[in-house]
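Engineer: Curious how this folds, go ahead:
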Amino acid sequence: MNHYTTRVLLALFTICLSTFSTQAQTINKSTFGKGLQFIAADSSFSLQLGARFQLQYQGGYDPNTKNWEDRFLVRRSRLKFDGFAFSPRLVYKIELGLSNSDIGSDVPDVTNNADNIILDAVAKWALTPNLRLWVGQTKLPGNRERVISSQKLQFVDRSLLNSRFNLDRDAGLQLHHEHQLGQVVLREIGSISMGEGRDITVNNSGGYDYTGRVEILPFGEFKGNGDYVSSDIEREQTPKLSLAASYDYNNNAAREQAQLGDFLSETRTLRTWFVDAMFKYRGFSAMGEYANRKAPGGPVVLRDEFGDVAETFVTGTALNLQAGYLMPSNWEVAGRYTDYNPTAETGLRNQEQYTLGVSRYIVGHSLKVQSDVTFTQEAEREDQTQFRLQMELAF
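Structural biologist: Residues are numbered from 1 along each chain as shown. Below you'll find the predicted structure:
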């Protein structure tokens, strides 16, 4: 991040703190992990300021160099602002990413890092008690693991399924509807977005992206929105289950992973669907996801003079299964299996990953230490093992 951007962010943060500390009616309900909360004297708006970061160690044996390769990094560093404006029916969220991993490349010649600071900038208007209109840039209603905040994960980071096929963030409109039949909760979500991902300021290079999602909670709602929180932090006293399916139609997508990856020399229409489930009961949690992405007409865009793939969209299938048990001492042991099968035509390699994680939750997901070991089997390559240790601090 350049020095000018850093100074601007620090100035904005300082102004917010000084302004609201003098003009706000009160600082209320502020607890660790919930940020600083302000309500205007006339109750015309509210603001909650939050910050968090993840410090991570990565290490693994490289079979090519025969050496242990490792590093420390700030995996994520975020500032978050949310609250209501004018009326409690109109809420907003702004989230800024400050680390290189949040922003994009850490190589100055590859990208202007200052262009990718904004993660979320979205307003949510309650049209009726059960219907909300979202306007702005935020996560699309795709696979569950992606919509779960990176603060609230069961492992150090998300799975290989998510890194290959998730829809990520995009700018546009979303409609969220919820209703109840007895104890059964039904949710429907639809969105129309640009299709190129976050922080894109040029004209739409292809068509728009259309996403739909349906969720069924047969045993009622989870405590604390637990269907979008990894691990059974709330320790559900009755079984809770959420079943869901999403479908995404990205018309003439321009990037290799729809909203992510490099821009390619030609466009393709991408069709992606997900099915997923979350189950929790008395400290035990289990989640499963399946993803399938196709590009009618073929994913390969360009081949070199030798006939090898030079540009391709990432298509294929993936399966992710994970489960864990949170003990009364707030230690958790969890396991994960991920199978990634790209379309053969793309030339990408199949991968299988086995992950074992151990976590200690000190203050829920706001202060925790997590570690995991991942064993990766990849076609035509030697097996690899990676160890990660991460501290999360949010306030």
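Engineer: Tell me the bridge partners for Leu356.
Structural biologist: Listed by DSSP bridges, the beta-bridge partners for Leu356 are Gly335, Val373.
Engineer: Would you mind giving the domain segments of this protein?
Structural biologist: 1-50+74-125, 130-394 (automatic domain parsing).
Engineer: Please indicate which of those domains has the most neighbours on average?
Structural biologist: Greatest average neighbour count among those goes to domain 130-394 (a mean of 18), per mean count of other Cβ atoms under 10 Å. Where C-beta positions appear, they are placed from N, C-alpha and C, glycine not excepted.
Engineer: can you tell me the distance between the two ends of that domain?
Structural biologist: One end of domain 130-394 to the other measures 31 Å (Cα to Cα, to the nearest Å).
Engineer: Spatially nearest residue to the spatially most central residue of the chain (excluding sequence neighbours)?
Structural biologist: For the chain, the residue nearest the mean C-alpha position is Arg146 (3.7 Å; Cα atoms, centre = their mean). Computed as Cβ to Cβ, 6 or more residues apart in numbering, the closest residue to Arg146 that is not its neighbour in sequence is Asn166, at 4.1 Å.
Engineer: how about Glu266, what does it touch?
Structural biologist: Contact analysis of Glu266 by Cβ atoms under 8 Å, 6 or more residues apart in numbering lists 301-302, 311.
Engineer: Show me which helix or strand of this structure is least confident by mean pLDDT.
Structural biologist: Least confident element among the helices and strands of the chain, by mean pLDDT, DSSP states H and E: strand 24-27 (a mean of 48).
Engineer: Next SSE downstream of that one?
Structural biologist: Per DSSP states H and E, strand 24-27 leads on to strand 36-40 as the next helix or strand towards the C-terminus.
Engineer: Report the mean per-residue pLDDT for that following strand.
Structural biologist: For strand 36-40, mean pLDDT rounds to 89.
Engineer: so where is the chain shaky, pLDDT-wise?
Structural biologist: Along the chain, the model assigns pLDDT under 70 to residues 1-29, 104-115, 205.
Engineer: Helices along the stretch 51-200 of the chain, start to end?
Structural biologist: For the stretch 51-200 of the chain, the helices defined by DSSP state H, counting those that start in this stretch cover 100-103, 144-147, 160-165.
Engineer: Can you add distance to Thr376 and give these back as JSON lines?
Structural biologist: Shown next, in JSON lines, are those (distance: least, Cβ to Cβ, whole Å):
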{"stretch": "helix 100-103", "distance to Thr376": "20"}
{"stretch": "helix 144-147", "distance to Thr376": "18"}
{"stretch": "helix 160-165", "distance to Thr376": "8"}
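Engineer: Quick check: which of those helices is nearest to Leu73?
Structural biologist: Proximity to Leu73, assessed across the helices of the stretch 51-200 of the chain by Cβ to Cβ, is greatest for helix 100-103 (6.9 Å).
Engineer: Which residue, other than its chain neighbours, is closest to Gly33?
Structural biologist: Ser366 (2.9 Å).
Engineer: swap in Ser193?
Structural biologist: Excluding its sequence neighbours, the residue lying closest to Ser193 (Cβ to Cβ, 6+ apart) is Gly172, at 3.1 Å.
Engineer: In contact with the one you found, which residues?
Structural biologist: Applying Cβ under 8 Å, 6+ apart to Gly172 gives the contacts 191-194, 208-209.
Engineer: how about a cut-off of 6 Å?
Structural biologist: 192-194 (Cβ atoms under 6 Å, 6 or more residues apart in numbering).
Engineer: Please, where are all the strands along the stretch 201-350 of the chain?
Structural biologist: For the stretch 201-350 of the chain, the strands defined by DSSP state E, counting those that start in this stretch occupy 209-217, 240-255, 263-281, 284-294, 300-303, 309-312, 316-326, 331-342.
Engineer: and the longest one with strand 240-255, angle?
Structural biologist: When you say that, I think you mean strand 263-281. When axes from the mean of the first three to the mean of the last three Cα atoms, to 10 degrees is applied, the directions of strand 263-281 and strand 240-255 differ by 180 degrees.
Engineer: neighbouring strands for strand 263-281, and are they parallel or not?
Structural biologist: By DSSP bridges, strand 263-281 pairs with strand 240-255 (antiparallel), strand 284-294 (antiparallel).
Engineer: ok, now the fifth one?
Structural biologist: In the sheet containing strand 300-303, the strands it pairs with under DSSP bridges are strand 309-312 (antiparallel).
Engineer: Could the C-alpha coordinates of the strand it pairs with be exported in CSV?
Structural biologist: C-alpha atoms of strand 309-312 as CSV (Å, rounded to 0.1, in the frame of the first residue of the first chain):
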residue,chain,number,x,y,z
VAL,A,309,-3.0,-24.4,-23.0
ALA,A,310,-2.0,-20.8,-22.6
GLU,A,311,-5.3,-19.3,-21.4
THR,A,312,-8.3,-21.2,-19.9
